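Q: Fold the following for me, if possible:
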Amino acid sequence: GSVCLSLAEGVMHDVFVSSIVGGGHVFLQQPYHPTFFALERLDQCMARTYTQFTCPQVPLPVEINSVCVAPCEGGWYRCQVVAYDETTQVCDIKYLDYGGYHSIAASELKQIRTDFLSLPFQAIECYLANINPTDDENISAFVLEELISQQVGPGQV
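A: So this is what the prediction gives:
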């Protein structure tokens, strides 16, 4: 199965903010990690597989913490189910390679092929120290995005 990448404590890492959840909550990727180059190829293979072939849906009721595949913006991406509402049959999912959360109908989720689990999950979920945004409109997230958009920079745990 897959493993999650992490950041070694006390060491500087080159990181890229791939998703901003809120002003103090982000997902990072390590673009110079030896496994990162394979992510683009994995995305292409998964898009081809889940678009061209009939793949089995995730069984109901959906199991919390299960890893599966979800459609998003024309592609198919590895995700983890973090919540499931049996009444509405809607899942809250976390994208494991790019980060971010999304609500999606359980019927849209597909089972993941085991060969698509060999690459470690690329997104690292982080909460920024000493930052506690209190804004209801999530303005702090927009400010953070303006500061770091499209940049690789140093990060330390």
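
Q: for stretch 100-113, the distance to its chain's centre please.
A: On the basis of C-alpha atoms, centre = their mean, to the nearest Å, stretch 100-113 is displaced by 12 Å from the centre of the chain it belongs to.

Q: Show me what it is in contact with.
A: Residues outside stretch 100-113 that contact it (C-beta atoms under 8 Å, 6 or more residues apart in numbering) are 19, 21, 27, 49-50, 55-58, 60, 62, 67-72, 76, 78-79, 81-82, 84, 89-95. C-betas here are computed from N, CA, C, even on glycine.

Q: any idea how far Pro120 is from Met12?
A: Here the distance between Met12 and Pro120 works out to 20 Å (C-beta to C-beta, to the nearest Å).

Q: And these two? Which one has more around it.
A: Regarding Met12 and Pro120, a neighbour count based on other C-beta atoms under 10 Å identifies Pro120 as having more, with 19 against 12.

Q: what residues are up against the more buried one?
A: With contacts taken as C-beta under 8 Å, 6+ apart, Pro120 has the following neighbours: 2-5, 35.

Q: tell me which helix or strand of this protein sits lowest on mean pLDDT?
A: The element with the least model confidence among the helices and strands of the chain, by mean pLDDT, DSSP states H and E, is strand 152-156, at a mean of 58.

Q: Determine how far the longest helix anywhere in the chain lies from the middle of the whole chain.
A: In terms of residue count, the longest helix belonging to the chain (DSSP state H) is helix 38-52. In terms of C-alpha atoms, centre = their mean, the centre of helix 38-52 is found 15 Å from the chain centre.
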